[in-house]
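Trainee: model this:
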Amino acid sequence: MYQPKTYRHWVRDTGLVSFNVNVKETDLYIRAWRNLRRRTLKTVLKCRASIEGYIGRYPSFLTTLEPFPVQEDAPRIIREMSRAAGAVSVGPMAAVAGAIAECVGKELLSFSPEVIVENGGDIFLKVTEKRSVGIYAGESPLSGKVALEIEPEETPLGICTSSGTVGHSLSFGRVDAVVALAPSTSLADAAATAIGNLVREATDIAKGIEFAQRVDGLRGVVIIKYDKMGVWGAVRIAPAQEEYVCGDSLH
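Mentor: Sure thing, here's the model as predicted:
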């Protein structure tokens, strides 16, 4: 059953135009210099067609919880999901939201020099000024209180969130939020899932950090379990300004 993404209402206007695009399970909240809804819809349909077509030929791609090697001639988005999943030993669908966010974001950059695409808590962003990305962590007292500071030169960047206490996504952990950062949004998405699977108690945060340090291509991670937080990598933490909020999908 669908539940509204209430954290989207925490976002305040910072000069960008905001709009939504929904296609089946894909629910995008986008910011750009102008309304690009038609272009976004066209791109979403194209991205989804590649994924759905591949699943039609290889149904296990949808259901497996293990890495799924694919052919070199597979669609680009499928290859990106497969590589990301293989890097952290999860199933390729753990990268699907991030992959679609990046697929759309890169297309929109031809029409807007600044693009932020949020897909169920997974974000692709390319910005031209410093942005603050708040972290939604469910019932944690840190939820909405801390943020990531992102400089333009760090983007394009994927910022993806996994939770075992918020949302519908499959997780074997009980973490309130794992936020992973990587140039590949697919990798950030898959890594957030893999790290989230490891954290059930606050004492597991160190285990999650150790795992993140071994993932090639991962830029940084934030792990929140109730009132405890662990941070590793090229991550700058600041008080949340409610400019943009990342959190696991609420549907």
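Trainee: Okay, helices next: where are they in the chain?
Mentor: If DSSP state H is used as the criterion, the helices of the chain fall at 37-57, 60-63, 76-88, 96-108, 185-198, 205-213.
Trainee: Find the one among the ones you listed with the highest mean neighbour count.
Mentor: helix 185-198 (a mean of 31; mean count of other Cβ atoms under 10 Å). Where C-beta positions appear, they are placed from N, C-alpha and C, glycine not excepted.
Trainee: Against which helices or strands is that helix packed?
Mentor: Judged by 3 or more Cβ pairs under 8 Å, 6 or more residues apart in numbering; DSSP states H and E, the packing partners of helix 185-198 are helix 76-88, helix 96-108, strand 122-126, strand 157-162, strand 177-182, helix 205-213, strand 220-225.
Trainee: Please produce a markdown table containing these, extended by distance to residue 140 and mean pLDDT.
Mentor: Shown next, in a markdown table, are the helices and strands packed on helix 185-198 (distance: least, Cβ to Cβ, whole Å; pLDDT from 0 to 100):
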| stretch | distance to residue 140 | mean pLDDT |
| --- | --- | --- |
| helix 76-88 | 23 | 98 |
| helix 96-108 | 21 | 97 |
| strand 122-126 | 19 | 96 |
| strand 157-162 | 12 | 95 |
| strand 177-182 | 7 | 96 |
| helix 205-213 | 12 | 96 |
| strand 220-225 | 5 | 95 |
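Trainee: of all these, which lies closest to residue 231?
Mentor: strand 220-225 (5.3 Å; Cβ to Cβ).
Trainee: distance between that closest one and the chain's centre?
Mentor: 13 Å (Cα atoms, centre = their mean, to the nearest Å).
Trainee: picking that back up, Serialize the helices and strands packed on helix 185-198 to JSON lines and add fields for distance to residue 43.
Mentor: Shown next, in JSON lines, are these (distance: least, Cβ to Cβ, whole Å):
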{"stretch": "helix 76-88", "distance to residue 43": "11"}
{"stretch": "helix 96-108", "distance to residue 43": "4"}
{"stretch": "strand 122-126", "distance to residue 43": "12"}
{"stretch": "strand 157-162", "distance to residue 43": "17"}
{"stretch": "strand 177-182", "distance to residue 43": "21"}
{"stretch": "helix 205-213", "distance to residue 43": "30"}
{"stretch": "strand 220-225", "distance to residue 43": "28"}
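Trainee: Quick one: closest of these to residue 40.
Mentor: Of all the helices and strands packed on helix 185-198, helix 96-108 comes closest under Cβ to Cβ, at 5.9 Å.
Trainee: what helices or strands is the closest one leaning on?
Mentor: strand 26-32, helix 37-57, helix 76-88, strand 115-119, strand 122-126, strand 157-162, helix 185-198.
Trainee: and the fifth one, which strands flank it?
Mentor: Strand 122-126 sits in its sheet next to strand 115-119 (antiparallel), strand 157-162 (antiparallel), going by DSSP bridges.
Trainee: Low-confidence stretches in the stretch 151-251 of the chain?
Mentor: 164-173, 241-251 (pLDDT under 70).
Trainee: Recalculate using a threshold of 50.
Mentor: Applying pLDDT under 50 to the stretch 151-251 of the chain picks out residues 167-168, 170, 249-251.
Trainee: coming back round to it: out of the helices and strands packed on helix 185-198, which comes closest to residue 32?
Mentor: helix 96-108 (5.9 Å).
Trainee: ok and that closest one relative to strand 177-182, angle-wise?
Mentor: 40 degrees (axes from the mean of the first three to the mean of the last three Cα atoms, to 10 degrees).
Trainee: Pull the distance from helix 96-108 to the chain's centre.
Mentor: 10 Å.
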